[in-house]
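J.: I would like to see how this sequence folds:
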Amino acid sequence: MMTNQITKDENISGWINGFIGVVLFSGGLPATKLAVMEMSPTFVTIVRAAVAGILALIVLWLGKEKRPVKEQLTPLLLVSLGCVVGFPLLSALALQYLTSAHSIVFLGMLPLATAIFGVFRGGERPHPIFWFFSIVGSLLVIGYAVSQGISASPIGDILMLLAVVLCGMGYAEGAKLSKTLGGWQVISWALVLALPVMIPLFFIYFPDDIGNVSFQGWFGLGYISFFSMFIGFVFWYKGLAQGGIATVGQLQLLQPFFGLALAALLLHEQVSMGMLGVTVGVILCVAGTKKFAK
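T.: Residues are numbered from 1 along each chain as shown. The predicted model follows:
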């Protein structure tokens, strides 16, 4: 009886932590758009990884955390490749060709990518109906974007698709590892592993016209450095570890709609009111995936 109660409590906590992570992640692409409008995508990626890496190093030192064992280094490198370098760089490059509203649509496929990697790497085996709701939710998000008639760029679309694949891999690897290493420890060590590369690159790519960057550019860079690259992951990986990679990962279906709202608010990008009806459908899909996840 006690075991079942603990499992239920952990499942609820997983969804709460996962939801907080999704809310924090939702501002990532609009904030990145603000940054890349005034700075190069490469420099933006380097700065967000370096700042978050230094913050992670301080937190690990203050917490006197043990270093990862040898068996944990490969998964950490995959997390670093997918979440610290891959998704930030590819999405920043894509935003040179796309509006943030268009790029956010691709996040609708992120839960499916995370679930697939969770099956192959995390050993999870969701109910077949889970896949039905997951695919329908992804198609609702993609269909909504198509219905808006947003102009597309093939280069930007390919970059965002690759970004989503790498991010799904990083999420699944990090969630699996967080069960033994801890949620915030996973992203922290992944960031620290990237620091020896990011710090030299910071000086190599440091722009001469940095003094011309506006408040909006600095705000965007600051947000993705602290919230998208570190704080959001603390909640996200903890939620995935508590509630399951495939299950809690479906909360990402809500991220595009939070992001679209922020794109309209911060960047004044056009967002149709039809988003409301699609959001309801997506929420129902999330509820369905939760019910049939095990």
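J.: where does the stretch 1-150 of the chain have low pLDDT?
T.: 1-10, 122-124, 144-150 (pLDDT under 70).
J.: show me where it has its helices.
T.: In the stretch 1-150 of the chain, the helices defined using DSSP state H, counting those that start in this stretch lie at 2-26, 28-36, 41-62, 70-79, 87-94, 100-105, 110-122, 128-147.
J.: nearest to K176, of the ones you listed?
T.: Ranking the helices of the stretch 1-150 of the chain by distance to K176, with C-beta to C-beta as the measure, places helix 110-122 first at 4.5 Å. Just so you know, the C-beta spots here come from the backbone N, C-alpha and C atoms, and that holds for glycine as well.
J.: and that closest one, what's buried?
T.: 110-119, 121-122 (16 or more other C-beta atoms under 10 Å).
J.: before we move on, back to that, quick check: which of the helices of the stretch 1-150 of the chain is nearest to G168?
T.: Per C-beta to C-beta, nearest to G168 of those: helix 110-122, 2.8 Å.
J.: mind exporting that closest one as CSV, just the C-alpha atoms?
T.: C-alpha atoms of helix 110-122 as CSV (Å, rounded to 0.1, in the frame of the first residue of the first chain):
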residue,chain,number,x,y,z
LEU,A,110,9.5,16.8,-29.7
PRO,A,111,7.3,14.6,-27.4
LEU,A,112,7.2,11.9,-30.1
ALA,A,113,11.0,12.1,-30.6
THR,A,114,11.6,11.9,-26.8
ALA,A,115,9.2,8.9,-26.5
ILE,A,116,11.0,7.1,-29.3
PHE,A,117,14.4,7.6,-27.8
GLY,A,118,12.9,6.7,-24.4
VAL,A,119,11.8,3.3,-25.8
PHE,A,120,15.1,2.5,-27.5
ARG,A,121,17.4,4.0,-24.8
GLY,A,122,15.3,4.1,-21.6
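J.: what about G222, how many residues nearby?
T.: Applying other C-beta atoms under 10 Å, we find 15 other residues in the vicinity of G222.
J.: tell me the helix or strand right after the strand or helix carrying it.
T.: In this assignment (DSSP states H and E), G222 forms part of helix 215-223. Where DSSP H and E defines the elements, the next helix or strand beyond helix 215-223 is helix 232-243.
J.: from A163, how far out is the closest residue to A49 other than its chain neighbours?
T.: Ranked by C-beta to C-beta, 6 or more residues apart in numbering and with sequence neighbours excluded, the top spatial neighbour of A49 is M198, at 4.7 Å. Distance, M198 to A163, by C-beta to C-beta, to the nearest Å: 18 Å.
J.: which of the two has more neighbours?
T.: Neighbours per residue (other C-beta under 10 Å) separate M198 from A163, with A163 holding more: 25 against 21.
J.: show me what the helix or strand encompassing that one is packed up against.
T.: Secondary structure from DSSP H and E places A163 in helix 154-181. Judged by 3 or more C-beta pairs under 8 Å, 6 or more residues apart in numbering; DSSP states H and E, the packing partners of helix 154-181 are helix 70-79, helix 87-94, helix 100-105, helix 110-122, helix 183-204, helix 232-243, helix 245-248.
J.: can you say which of the ones you listed is packed in most?
T.: Mean neighbour count (mean count of other C-beta atoms under 10 Å) peaks for helix 245-248 among the helices and strands packed on helix 154-181, with a mean of 30.
J.: buried stuff in whichever helix or strand comes after that one?
T.: Counting by DSSP H and E, the element after helix 245-248 in chain order, helix or strand, is helix 255-267. Within helix 255-267, the residues that count as buried by 16+ other C-beta under 10 Å are 255-264, 266-267.
J.: my understanding was that V136 contacts C285; is that so?
T.: Yes - contact criterion C-beta atoms under 8 Å: V136 and C285 qualify, at 5.5 Å.
J.: looking at those two, which has the bigger crowd around it?
T.: C285 (24 against 16).
J.: contacts only, for the spatially closest residue to the more buried one that is not a sequence neighbour.
T.: Leaving aside its sequence neighbours, C285 sits nearest to G137 (C-beta to C-beta, 6+ apart; 3.3 Å). Neighbouring residues of G137 by C-beta atoms under 8 Å, 6 or more residues apart in numbering: 108, 111, 250, 253, 281-282, 285-286, 289.
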